[in-house]
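**Q** Next come a sequence and a model predicted from it.
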Amino acid sequence: MPVFDHPEFDHHQQVVHGCDEASGLRAIIAIHDTHRGPALGGLRIYPYASEADALTDVLRLSRGMTYKSALADLPLGGGKAVIIADPRRDKTPDMLRAMGRLVESLGGRYITAEDSGSSEADMRIIAETTAHVGGLGHDGTSGDPSPFTAHGVFCALKSAVRHGLDRSDLAGLRVAIQGVGHVGAHLARQLHDAGASLVLTDVDRDALGRLADELGADVVAPDAIVDEDVDVFAPCAMGAALSPQVVQRLKARVVCGAANNQLASPEVAERLEERGILYTPDYVANAGGVIEIAWQRRGDYRREDVMRHIEGIGTTLDAIFERALREHRSPALVADDLARERFRPTP
């Protein structure tokens with residue numbers, strides 16, 4: 001499987017394939033950059049159709065983690081891990097312990113954490129074979145990063161609404177949320193409490209129905225969510241939610257969500273700009289979880305400090321949106337430039 005010529009290869013420092021025959025582990029760890037510190041990034045367990053698909057995902061996700069940590073002002077680099085498996089059917093304690101041994105072999109250059117398909121309980125099993133695990137909680141509290149990620153997206157959305165809709169509050173705003181898993185559901189509740197009306201979709205029809213009943217939200221089929229007449233579109237499921245075709249169909253004037261790698265290709269950012277849709281760079285908006293995990297690793301954890309740091313996402317985005325307006329550029333390009341200034345070493 002070629003790496004250096006892969007279209008998503010971005011001078012990654014290290015890409016490691018790991019296999020354990022006894023447990024069935026097939027995994028890839030990608031370390032994008034460690035100039036600011038060790039590479040932190042979650043473990044995604046997913047039944048990829050091919051190794052090529054898994055490699056594409058881990059290269060893109062690890063790069064995003066570098067940019068995310070840089071703009072969140074964390075002493076961390078970016079990395080990611082994927083296991084090619086169905087988390088509901090294939091995941092076992094032995095597989096997770098084998099994954100821990102693979103992480104341990106990197107000597108602390110990569111720190112793993114919870115992500116799609118993995119849980120806090122899984123991290124505790126992985127921690128049996130490596131110390132390089134984040135998101136295990138603090139002082140007996142849960143290590144689930146999703147409430148913190150959702151709060152960061154909520155803060156990001158408020159900034160985007162100010163700049164894209166010239167509104168200072170969310171009351172009466174109509175928001176379409178694509179994906180109401182852990183993060184999407186937390187975000188939906190915060191938006192509901194702020195007075196927004198919601199349109200929801202998810203492939204899990206049971207969970208979708210329960211949340212919609214709880215919040216009095218409208219429900220649409222997954223392939224119809226982008227056509228809804230809303231103010232904000234919030235992608236909170238898998239990546240590549242924004243293709244040229246989707247952008248053409250969008251009625252929303254603001255995009256702000258929790259999903260990683262929302263742009264199917266870089267030129268989509270320019271297409272959003274051409275249509276007058278304000279795009280919120282995903283790795284800025286969804287940094288709340290990694291901020292909380294980073295604080296867990298410090299010796300001076302205080303929840304109020306964590307929340308203050310997360311709420312700074314809005315301030316960071318204010319600066320990005322203002323610079324984008326001045327320079328007549330997409331916020332995606334401005335965010336990339338600011339991130340690179342922070343993680344690339346001075347010659």
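**A** Nice, I can see it.

**Q** Can you list the residue ranges for strands in the protein?
**A** Here the chain has its strands, by DSSP state E, at 14-20, 25-33, 39-40, 43-46, 77-84, 110-111, 174-178, 197-201, 218-219, 232-235, 254-255, 278-279.

**Q** so what does the third one touch, helix or strand wise?
**A** Counting by 3 or more Cβ pairs under 8 Å, 6 or more residues apart in numbering; DSSP states H and E, the packing neighbours recorded for strand 39-40 are strand 25-33, helix 51-71, strand 77-84, strand 110-111, helix 288-296. Where you see a C-beta, it was placed from the backbone N, CA and C, and this is true even at glycine.

**Q** So what's the residue count around the nearest residue to Asp10 once chain neighbours are set aside?
**A** Closest residue to Asp10 apart from its sequence neighbours, by Cβ to Cβ, 6 or more residues apart in numbering: Arg63 at 5.0 Å. Arg63 has 24 neighbours, counted by other Cβ atoms under 10 Å.

**Q** so how far is Asp57 from Arg63?
**A** Here Arg63 is placed at a distance of 11 Å from Asp57 (Cβ to Cβ, to the nearest Å).

**Q** Of the helices and strands packed on strand 39-40, which stretch is the most buried?
**A** Per-stretch averages of neighbours, counted by mean count of other Cβ atoms under 10 Å, single out strand 77-84 among the helices and strands packed on strand 39-40, with a mean of 28.

**Q** what is the mean pLDDT for that strand?
**A** Across strand 77-84, pLDDT averages out at 98.

**Q** So in that sheet, which strands flank that strand, and in what orientation?
**A** Strand 77-84 sits in its sheet next to strand 25-33 (antiparallel), strand 39-40 (parallel), strand 43-46 (parallel), going by DSSP bridges.

**Q** now those strands as a markdown table including mean pLDDT and distance to Ala150?
**A** What follows is the strands paired with strand 77-84, written out as a markdown table (pLDDT from 0 to 100; distance: least, Cβ to Cβ, whole Å):
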| stretch | mean pLDDT | distance to Ala150 |
| --- | --- | --- |
| strand 25-33 | 98 | 25 |
| strand 39-40 | 97 | 19 |
| strand 43-46 | 96 | 18 |
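
**Q** Those: which one's closest to Phe148?
**A** strand 39-40 (14.0 Å; Cβ to Cβ).

**Q** Flag the shaky bits of the protein, pLDDT-wise.
**A** Along the chain, the model assigns pLDDT under 70 to residues 1, 138-143, 345-347.

**Q** Show me where it has its helices.
**A** Assigned by DSSP state H, the chain shows helices spanning 51-71, 93-104, 120-126, 146-165, 182-193, 205-215, 244-249, 267-274, 282-285, 288-296, 303-327, 331-343.

**Q** separation between the residue most central in space within the chain and Ala171?
**A** In the chain, the centroid-proximal residue (Cα atoms, centre = their mean) is Asn260; its distance is 4.0 Å. To Ala171, Asn260 is 29 Å away according to Cβ to Cβ.

**Q** what's the burial count for the closest residue to Asp94 other than its chain neighbours?
**A** Of all residues not flanking Asp94 in the chain, Ser23 sits nearest, at 4.0 Å (Cβ to Cβ, 6+ apart). Ser23: 18 surrounding residues under other Cβ under 10 Å.

**Q** do the same with Gly137
**A** With other Cβ under 10 Å as criterion, Gly137 counts 13.

**Q** same question, Asp227
**A** Neighbours of Asp227 (other Cβ under 10 Å): 13.

**Q** Provide the backbone phi and psi angles at the closest residue to Ala287 other than its chain neighbours.
**A** Closest residue in space to Ala287, ignoring its immediate chain neighbours: Ala72 at 4.2 Å, by Cβ to Cβ, 6+ apart. Reported as degrees, to the nearest 10, the phi and psi values for Ala72 are phi -90, psi 0.

**Q** my guess is Ala72 contacts Glu292, does it?
**A** No - using Cβ atoms under 8 Å, Ala72 is not in contact with Glu292, being 10.5 Å away.

**Q** Quick one: residues contacting the closest residue to Gly184 other than its chain neighbours.
**A** Excluding the flanking residues, the one nearest Gly184 by Cβ to Cβ, 6+ apart is Cys236, at 3.6 Å. Counting by Cβ atoms under 8 Å, 6 or more residues apart in numbering, Cys236 touches 153, 177-181, 183-184, 187, 257-259.

**Q** And Cys236, how close does it get to Leu278?
**A** Cys236 is 17 Å from Leu278, by Cβ to Cβ.

**Q** ok, now Thr129?
**A** Thr129 is 45 Å from Leu278, by Cβ to Cβ.

**Q** who has more neighbours, the two?
**A** Neighbours around Thr129 and Leu278, counted as other Cβ under 10 Å, are more numerous at Leu278. The numbers are 23 against 16.

**Q** in the sheet, who's paired with the more buried one?
**A** On the basis of DSSP bridges, Leu278 is bridged to Val254.
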